[in-house]
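**Q** got a predicted structure plus its sequence, pasted below:
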Amino acid sequence: MAPRHGSSLPLISPCRGIYALTRALLDVDLWMKHDGDDDSADEKFVAGYFELMVDCKYDMRFRQRLHDGIHSHVLDVDGRYIGWSIAATVIASADVPYPCHVTFTAYTSGFDDEATIFDGPCREGEMVEFRHVVAVKVLWMLELCFKLDGMCYSHSFKAGVDSKPVKFGPVKALVVWSIMNRDRFWR
């Protein structure tokens with residue numbers, strides 16, 4: 001999925017993950033997509049890896065900076081280790097009835113930060129589709145908020161429980177829950 005509009009950069013998944021006992025390496029290979037169908041015009045933005053703690057038991061923030069030595073590009077990765085959490089894959093689509101600015105965000109209970117899934121202009125009649133992964137604490141809430149020119153449509157999902165497709169405003173959404181490490185989680 002290439003970004004079509006807006007300032008958000010949807011990062012679907014890492015290129016490769018290597019699991020270690022207490023650390024994981026996140027390998028990043030990020031390209032800038034240029035106009036046209038020919039991939040040869042695309043430019044490598046940044047490539048490299050950084051280390052993440054895997055066996056973290058407390059909720060804490062992290063910031064990693066990845067430098068590309070060739071073009072002097074920098075990728076800042078801000079995140080949070082969320083203990084006792086599960087992955088929520090948000091799959092949503094919305095029909096935009098008229099040209100406007102659209103923002104789609106996710107909030108998880110217990111945290112003030114919002115995860116921006118989409119933020120940008122849309123054309124009339126455009127179908128905007130989202131697929132994004134966020135972490136949610138077990139049995140806490142995930143709230144999705146879709147803003148269309150000041151109007152806010154929202155829906156809440158209980159982590160690990162609510163998994164039926166829903167419609168709120170112009171949005172159709174489904175949240176798929178998955179536990180990353182069942183053995184560690186259920187001890």
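**A** All right, it came through fine.
**Q** mind splitting this structure into its structural domains?
**A** Taking automatic domain parsing as the reference, the chain has its domains at 16-81, 85-185.
**Q** could you give the number of residues near Tyr107?
**A** Tyr107 has 19 neighbours, counted by other Cβ atoms under 10 Å. Using the backbone N, CA and C atoms, a C-beta is placed for each residue, glycine as well.
**Q** identify the bridge partners of it.
**A** Glu114, Glu143 (DSSP bridges).
**Q** and what of Phe130?
**A** Ala92.
**Q** turn the domains of the chain into TSV, including mean pLDDT.
**A** Listed next are these as TSV, based on pLDDT from 0 to 100:
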stretch	mean pLDDT
domain 16-81	72
domain 85-185	84
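**Q** out of these, which one sits most buried?
**A** domain 85-185 (a mean of 16; mean count of other Cβ atoms under 10 Å).
**Q** chain center to that one, what's the gap?
**A** Distance of domain 85-185 from its chain centroid, counting by Cα atoms, centre = their mean, to the nearest Å, is 9 Å.
**Q** for stretch 83-99, output the C-alpha coordinates as PDB.
**A** Taking Å, rounded to 0.1, in the frame of the first residue of the first chain, the C-alpha atoms of stretch 83-99 are listed here in PDB:
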ATOM      1  CA  GLY A  83       3.100  -4.800  28.600                       C
ATOM      2  CA  TRP A  84       0.200  -7.400  28.600                       C
ATOM      3  CA  SER A  85      -1.000  -6.200  25.200                       C
ATOM      4  CA  ILE A  86      -2.300  -7.800  22.000                       C
ATOM      5  CA  ALA A  87      -2.100  -6.600  18.400                       C
ATOM      6  CA  ALA A  88      -5.200  -5.000  16.800                       C
ATOM      7  CA  THR A  89      -5.200  -5.000  13.000                       C
ATOM      8  CA  VAL A  90      -7.700  -2.200  12.100                       C
ATOM      9  CA  ILE A  91      -9.200  -2.800   8.600                       C
ATOM     10  CA  ALA A  92     -11.500   0.100   7.600                       C
ATOM     11  CA  SER A  93     -12.900   1.900   4.600                       C
ATOM     12  CA  ALA A  94     -14.900   5.100   4.200                       C
ATOM     13  CA  ASP A  95     -16.900   6.700   1.400                       C
ATOM     14  CA  VAL A  96     -16.000  10.400   1.200                       C
ATOM     15  CA  PRO A  97     -19.200  12.200   0.100                       C
ATOM     16  CA  TYR A  98     -17.500  15.500  -0.900                       C
ATOM     17  CA  PRO A  99     -14.000  17.000  -1.200                       C
END
